[in-house]
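[1] Any chance you can model this:
(one chain, ligands or ions: 1)
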Amino acid sequence: MAPLRIASIPGDGIGPEVVSATIQVLQQLSKTLGTFEIDFTHVPWGTDYYKKNGRYIPDDALTTLRQFDAVLFGAVGAPDVPDHVSLWGLLLAIRGPLQLYANVRPVRTFPGTKSPLDTAKKGIDWMLVRENSEGEYSGQGGRSHVGQQWEAATEVAMFTRVGIERIIRFAFETAQSRPKKQLTVVTKSNSMRNGMVLWDEIAASVAKEFPDVTWDKMLVDAMTVRMVMKPQSLDTIVGTNLHMDILSDLAAALAGSIGIAPSSNLDPTRKNPSMFEPVHGSAFDITGKGIANPVGTFWSAAEMLSWLGEKDASNKLLVCIEEVCAAGFVTADLGGSCNTQQVVDAVCAEIQK
Ligand code: GGG
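    Okay, here's the model as predicted:
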């Protein structure tokens, strides 16, 4: 059997800790199930690489990544490098050119996780779909009169018909594949009268192809209220790069902790390898202490296995993570006292049961 070829980019901060934890768990899963083999190649891009080479990734980075079936990414960001330099140098330098335009972020309340919401009723089960290639993160704009009193800066949110159509269609397909068949399209088309209105128009047009999906639209500000006050009224949610970046952090916190939240950066055309990463960042305040929550990366790895066709292995990993959380083997962000390795050991033991 040909092994799954995975490029692992641990990156910065707690990235190396959660990626190493996940490699241990995936190797155990492969050994126990015997249904797939997996081969990791360490790719050392991150802030240390930047400090040595003056850049986050080499010229042939995309050619390198295209040799793999998928990428497992940790985190990016360092205290002594401006965040826009590290983010654009590494993560956005991969997402954009590889056209990983669909950023899928499932959010669920896990057993053993404490939500700030009164989720005793039913809990949260959402699928967030973030446009991942344009909009507010197009990198368009500039600065003039730098350092002067009349200094000016523009940040242009550039939307294209192709870019909007493909993410809206992807979101309708995602909604259609879920039991509720329900989609909410998030915009801000009252105050932003160009790109956001184009989103509304395209949503209404694409919706006609999906008569079995119930859909509605929400302004992003009202959406924050609905997520908190009426969580059960939502299922699949789609929005722009910036809006969903913010809403997915809110969603993760409402589900219990950003430490468990996964993220898949997908090229739905499958021309390029997709990239899987926890939603959280480099968390320098806890780096090196061995206490980072690895569950967001485990769950991202489960999404990666599913994307690569290993659905049984993916389901097994998810069930094991949930069992371990339910049994209380959780890190401090979830109210537990486990360190990272104890969570790894608990998941590996659960896999072998
Ligand atoms: N685990 C990925 C990571 O380090 N994310 C940090 C971050 O700021 N991401 C912004 C984004 O996802 O656009």
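[2] Give me the local confidence score for the most centrally placed residue in the chain.
    By C-alpha atoms, centre = their mean, the mean C-alpha position of the chain lies nearest to residue 263, the distance being 1.9 Å. On the pLDDT scale, residue 263 is placed at 98.
[3] Show me what the helix or strand hosting it is in contact with.
    For residue 263, the host element (DSSP states H and E) is strand 262-266. Strand 262-266 has contacts (C-beta atoms under 8 Å, 6 or more residues apart in numbering) with 94-95, 100-106, 132, 248, 274-279, 296-297, 299-300, 302-304, 307. Where C-beta positions appear, they are placed from N, C-alpha and C, glycine not excepted.
[4] So for residue 294, what's the nearest residue that isn't a sequence neighbour?
    residue 21 (3.8 Å; C-beta to C-beta, 6 or more residues apart in numbering).
[5] give the contact list for the one you found.
    Remark: with contacts taken as C-beta under 8 Å, 6+ apart, residue 21 is in contact with 292, 294, 297-298, 340-341, 343-344.
[6] just to revisit the earlier point, okay, and which of the contacts of strand 262-266 map to strands?
    102-106, 274-278 (DSSP state E).
[7] okay, those residues in CSV with distance to residue 209 next?
    Listed next are these as CSV, based on distance: C-beta to C-beta, whole Å:
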residue, distance to residue 209
102, 17
103, 22
104, 20
105, 24
106, 24
274, 24
275, 28
276, 28
277, 31
278, 33
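[8] SS state for residue 52?
    Classification of residue 52 using DSSP: H, G, I helix; E, B strand; the rest coil returns helix.
[9] neighbours of it, just the number please.
    When neighbours are defined as other C-beta atoms under 10 Å, residue 52 has 9 of them.
[10] How about the residues of the stretch 201-350 of the chain by the ligand?
    Contact residues, the stretch 201-350 of the chain versus the ligand (C-beta under 6 Å from any ligand atom): 245, 277-278, 280-282.
[11] Apply 8 Å and report the result again.
    By the rule C-beta under 8 Å from any ligand atom, the part of the stretch 201-350 of the chain lying against the ligand is 241, 245, 263, 277-282, 296.
[12] Output the below-cut-off pLDDT ranges for this protein.
    Confidence mapping of the chain against pLDDT under 70 gives the ranges 118-122.
[13] Contacts only, for residue 74.
    8-16, 18-19, 277-278, 297.
[14] Okay, and which of those map to helices?
    Of the positions in these, 15-16, 18-19, 297 sit in helices, assigned by DSSP state H.
[15] Which of the residues you listed ranks first by neighbour count?
    Neighbour tally across those (other C-beta under 10 Å): the maximum, 34 neighbours, falls on residue 297.
[16] one step back: quickly check the ones in helices among the contacts of residue 74 for the two that are furthest apart.
    Within those, 16 and 297 form the most distant pair, 10.8 Å apart (C-beta to C-beta).
[17] Quick check: the gap between residue 246 and residue 161.
    Taking C-beta to C-beta, to the nearest Å as the measure, residue 246 falls 24 Å from residue 161.
[18] With neighbour numbers in mind, choose between these two.
    The residue with more neighbours, out of residue 246 and residue 161, is residue 246; 15 against 10, by other C-beta under 10 Å.
[19] Pretty sure that one sits in a strand.
    No - secondary structure of residue 246 (three-state DSSP): helix, not part of a strand.
[20] show me the contacts for the closest residue to it other than its chain neighbours.
    The shortest distance from residue 246 to any non-neighbouring residue, by C-beta to C-beta, 6+ apart, is to residue 220 (7.9 Å). Counting by C-beta under 8 Å, 6+ apart, residue 220 makes contact with 186-188, 239, 243, 246-247.
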